[in-house]
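*Asks:* I need the structure of the sequence given here:
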Amino acid sequence: MSDAAQIIAYTAALGLAAVIPGPGMTALVARSVSGGAVTGFTMLAGLILGDLIYLSIAVFGLAVIAHTYTSLFALINWAASLYLCMLAWKFWCHQPQTINIARKATKRELASAWFSGLTITLGNPKTIAFYLAILPLVISLDNASLKMWGGILVPLTVIVLLGVGAVFILAALRIRHLLTSEKAQRRIFRAAGFIMMLAAVGMVIKTL
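*Replies:* Below is the predicted model:
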């Protein structure tokens, strides 16, 4: 497969994986509704950084180690599933407040949103599966160079995820005025928690 074909295949696969709602995008919508655009894009930055970390792990050969030592890969799955369970509980028990659309997010809230985005991605089974299992199928990692990683894959990953994430954020902002009540927010956060719990259970089942 030529480099151009591999890049097209990677873009399509990454875009499709990002569009399919998972723990990351569901949490992004919830945070965008409760915190606004700045909070949403700050969380998206954390999500993207998590993807870049897994991309780097895959390109620099640690994906091969994970597949070679199945016990290590199983441990990663169990750790990720446990973390997702913790996040699911946190989102389920989230105590929302009535949204003041004019209020600006504090630095602490933005830092929390960024860190949540990063950790959700690192514990997201869909992200793990994509970079450690699917990515090697669409790109020949044996021939992946540092130049290809830094000059093509990293910028491409940022562009694709930023584009998809922006669509989710803007969609959340369009309906934000309808979800200003605490009851509506609680439903969104519980839905996000439920999806995270399903993802965690799926990882456990896959490991068994």
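
*Asks:* I would like the residues contacting stretch 9-23, please.
*Replies:* 1, 25, 84, 87, 120, 123-124, 126-127, 130, 134-135, 138-139, 153, 156-157, 160-161, 164-165, 192, 195-196, 199 (CB atoms under 8 Å, 6 or more residues apart in numbering). The way it works is simple: take the backbone N, C-alpha and C, and place the C-beta from them, glycine included.

*Asks:* Give the buried subset of these as a PyMOL selection command.
*Replies:* With 16 or more other CB atoms under 10 Å as the criterion, this PyMOL line picks the buried residues out of the contacts of stretch 9-23:
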select buried, resi 25+84+87+120+123+124+126+127+130+134+135+138+139+153+157+160+161+164+165+192+195+196+199
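
*Asks:* Assign a three-state SS to P21, would you?
*Replies:* coil (DSSP: H, G, I helix; E, B strand; the rest coil).

*Asks:* Look up how far A192 lies from it.
*Replies:* 10 Å (CB to CB, to the nearest Å).

*Asks:* ditto for G24
*Replies:* 10 Å.

*Asks:* Check A18 too.
*Replies:* The gap separating A18 from A192 is 16 Å, by CB to CB.

*Asks:* excluding its backbone neighbours, what's nearest G46?
*Replies:* G117 (2.6 Å; CB to CB, 6 or more residues apart in numbering).

*Asks:* Which residues are in contact with that neighbour?
*Replies:* So G117 contacts G24, A27, L28, T42, M43, L44, A45, G46, L47, I48, L49, G50 (CB under 8 Å, 6+ apart).

*Asks:* at 10 Å instead, please
*Replies:* 24, 27-28, 31, 40-50, 165 (CB atoms under 10 Å, 6 or more residues apart in numbering).

*Asks:* next one: I53
*Replies:* Contacts for I53 (CB under 10 Å, 6+ apart) come out as L118, T121, L122, T127, Y131.

*Asks:* Buried ones in the host helix or strand of it, by neighbour count?
*Replies:* Assigned by DSSP states H and E, I53 belongs to helix 37-59. Buried positions in helix 37-59, judged by neighbour count with 16+ other CB under 10 Å: 39-52, 54-55, 57-59.

*Asks:* Pretty sure K126 is one of the things L47 touches, is it not?
*Replies:* No - look at L47 against K126 with CB atoms under 10 Å: they stay out of range, at 11.7 Å.

*Asks:* so how far is M196 from M25?
*Replies:* Taking CB to CB, one finds M25 at 12 Å from M196.

*Asks:* Now list whatever residues contact both of the two.
*Replies:* I120, N124.

*Asks:* picking that back up, nearest to L146, of the contacts of G117?
*Replies:* L49 (19.0 Å; CB to CB).

*Asks:* Without its sequence neighbours, what residue ends up closest to the closest one?
*Replies:* For L49, the spatially nearest residue (CB to CB, 6+ apart) is L118, at 5.5 Å.

*Asks:* for that neighbour, what are its contacts?
*Replies:* L118 neighbours (CB under 10 Å, 6+ apart): M43, A45, G46, L47, I48, L49, G50, D51, I53.
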